[in-house]
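**Student:** any chance you can model this:
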Amino acid sequence: MLPPQAVRERYSRGTGDAVSPKASAPSAAATAVKALPEAEEQRREVAVSSFAAAMQSALNGQSEAAESPPARKSEPPVLAQRAESSFETIEKEEKEEDEVSALLQELRSMKEMMIRINRQQNAQAMPAAVLKLSKRLASQGVEPVYVEQFAQTVIERLEEHPDPDDEEFRQTARELLREWLLPSVGQGISPNTRIVNFVGPTGVGKTTTIAKIAADQAFIHRRSVGFITADTYRIAAVDQLRTYADILNVPLEVVFSPSELTRAYKKLEDRDLLLMDTAGRNYRNELFVSEVNSLLAPGQQAENLLVLSLTHKYSDLKEVASQFAKYGVRRLLLTKTDETDSYGSVLNLAREFDFEISYITCGQTVPDDIRAFEPDEWVNRLLGDASDG
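**Tutor:** Below is the predicted model:
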């Protein structure tokens, strides 16, 4: 087969120039040999051209790299940048919190000032008789919000009277306070109740109160009574209740955990009424409230009585009462009323909570110093005599 160049030359001379195969063979071979250097030359040119283009591209890259600015070697690490940013954010948030706190404090101060000014203005416009009664309630420890409600309501009720005198104001005040206290009147222990749990903080007189109620139930209501005590924290607490149990001829069971209650109930199953004493703790702490709540027997035949002393500050009474109210305690027993001349806490508790006040104790004599809650008695104590200011 002839090379392409030889074929083209052969056909370019025409058919008339045709020679015999023997004669044309040397010429075709020579043409083929001549074509080989030309193809090699073309490949060389392509290779040289590609190499030149590559070199030019490399030179251009170096030029661009030389023109670009050098990388900063002092750039901090990424973690350091984040830490610095976090510190700045924290400092900014703390500064904003301080500003908000200062603003809130300023607003509180302004609010208190406005309240004082408002009270002074109301006091100046208030009838002398109402002002005197309001001061009396305030001196008894009645919360300011209830004193204001009291004064406003008394004035509104006597607006249509042409010229009410001091006695009319006083009578209206008595009626109002009685209305406020009446919903808190509770009943004694129901005949259908079998278990009564007494709860309350330390030093309120739970154990003595249990002895008083036991005597009342045994001697007046003719019910067989049994004692259970879980007060194993206080020294001689069990001995104190055991002494009352011996005097009243009442059986006593001591329990150290909720799991032992079933055993105590079983041993006292022949008793009509079981009175259980619990440990006095710091019941402003909800953890202790939850702990004692695990001892309280559920069911319709069980009652829970919260025992509070009127010798304590109302702020403490309120906190303890709110803790037990969360667990459904709705009955109240107030002790040591003979050891204080301040009775405002009675009205405060009646207005703040929906407790029923079942009993009032007024001394340590068993079984005499206990009685039912009577609103009229506490209205008289709150308002005092007409000469009290």
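**Student:** every contact and neighbour count from this point should use C-alpha atoms.
**Tutor:** Noted.
**Student:** surely residue 357 is within a strand?
**Tutor:** Yes - counting by DSSP: H, G, I helix; E, B strand; the rest coil, residue 357 falls inside a strand.
**Student:** check contacts around it.
**Tutor:** With contact taken as C-alpha atoms under 8 Å, 6 or more residues apart in numbering, residue 357 is in contact with 184-187, 331-334, 373.
**Student:** thought residue 201 was touching residue 308?
**Tutor:** Yes - contact criterion C-alpha atoms under 8 Å: residue 201 and residue 308 qualify, at 7.4 Å.
**Student:** ok, the two, which is more surrounded?
**Tutor:** residue 308 (25 against 21; other C-alpha atoms under 10 Å).
**Student:** so residue 228 is in which element?
**Tutor:** strand 225-229 (DSSP states H and E).
**Student:** what residues does that strand touch?
**Tutor:** Outside strand 225-229, the residues that touch it by C-alpha under 8 Å, 6+ apart are 214, 217-218, 238, 241, 245, 250-255, 264, 268, 271-278.
**Student:** helices or strands up against whatever helix or strand comes next after it?
**Tutor:** Using DSSP H and E, the helix or strand that directly follows strand 225-229 along the chain is helix 237-248. With contacts defined as 3 or more C-alpha pairs under 8 Å, 6 or more residues apart in numbering; DSSP states H and E, the packing partners of helix 237-248 are helix 206-215, strand 225-229, strand 252-254.
**Student:** let me know the average pLDDT across the longest one.
**Tutor:** For helix 206-215, the mean pLDDT works out to 91.
**Student:** what are the pairing partners of the longest strand along the chain, and which direction each?
**Tutor:** Taking DSSP state E as the criterion, the chain has its longest strand at strand 302-309. Strand 302-309 pairs in its sheet with strand 195-199 (parallel), strand 331-335 (parallel), by DSSP bridges.
**Student:** right, and the ones you listed - which one's nearest residue 224?
**Tutor:** Of all the strands paired with strand 302-309, strand 195-199 sits nearest to residue 224, with 12.1 Å by C-alpha to C-alpha.
**Student:** what is the rounded mean pLDDT of the closest one?
**Tutor:** Averaged across strand 195-199, pLDDT comes to 88.
**Student:** for residue 269, report the pLDDT, please.
**Tutor:** 89.
**Student:** may I have the phi/psi pair for it?
**Tutor:** Backbone geometry at residue 269, expressed as degrees, to the nearest 10, gives phi -70, psi -20.
**Student:** so what's the residue count around it?
**Tutor:** Residues near residue 269, counting by other C-alpha under 10 Å, number 13.
**Student:** ok, back up a step: what's the most buried one of the helices and strands packed on helix 237-248?
**Tutor:** Highest mean neighbour count among these (mean count of other C-alpha atoms under 10 Å): strand 225-229, with a mean of 25.
**Student:** count of neighbours near residue 242?
**Tutor:** Around residue 242 there are 21 other residues, counting by other C-alpha under 10 Å.
**Student:** re the thing from before, dump the strands paired with strand 302-309 to TSV, plus mean neighbour count.
**Tutor:** Formatted as TSV, the strands paired with strand 302-309 follow (neighbours: other C-alpha atoms under 10 Å):
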stretch	mean neighbour count
strand 195-199	24
strand 331-335	24
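**Student:** with distance to residue 367 added, can I get these in a markdown table?
**Tutor:** As requested, those are exported to a markdown table (distance: least, C-alpha to C-alpha, whole Å):
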| stretch | distance to residue 367 |
| --- | --- |
| strand 195-199 | 17 |
| strand 331-335 | 14 |
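**Student:** put the alpha carbons of the strand holding residue 228 into CSV.
**Tutor:** Extracted C-alpha coordinates of strand 225-229, given in CSV (Å, rounded to 0.1, in the frame of the first residue of the first chain):
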residue,chain,number,x,y,z
VAL,A,225,-58.8,6.9,120.5
GLY,A,226,-55.4,5.7,119.4
PHE,A,227,-52.1,7.6,119.0
ILE,A,228,-49.5,7.3,116.3
THR,A,229,-46.3,9.3,116.3
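**Student:** mind listing the strands that strand pairs with, and their directions?
**Tutor:** According to DSSP bridges, strand 225-229 forms sheet pairs with strand 252-254 (parallel), strand 273-277 (parallel).
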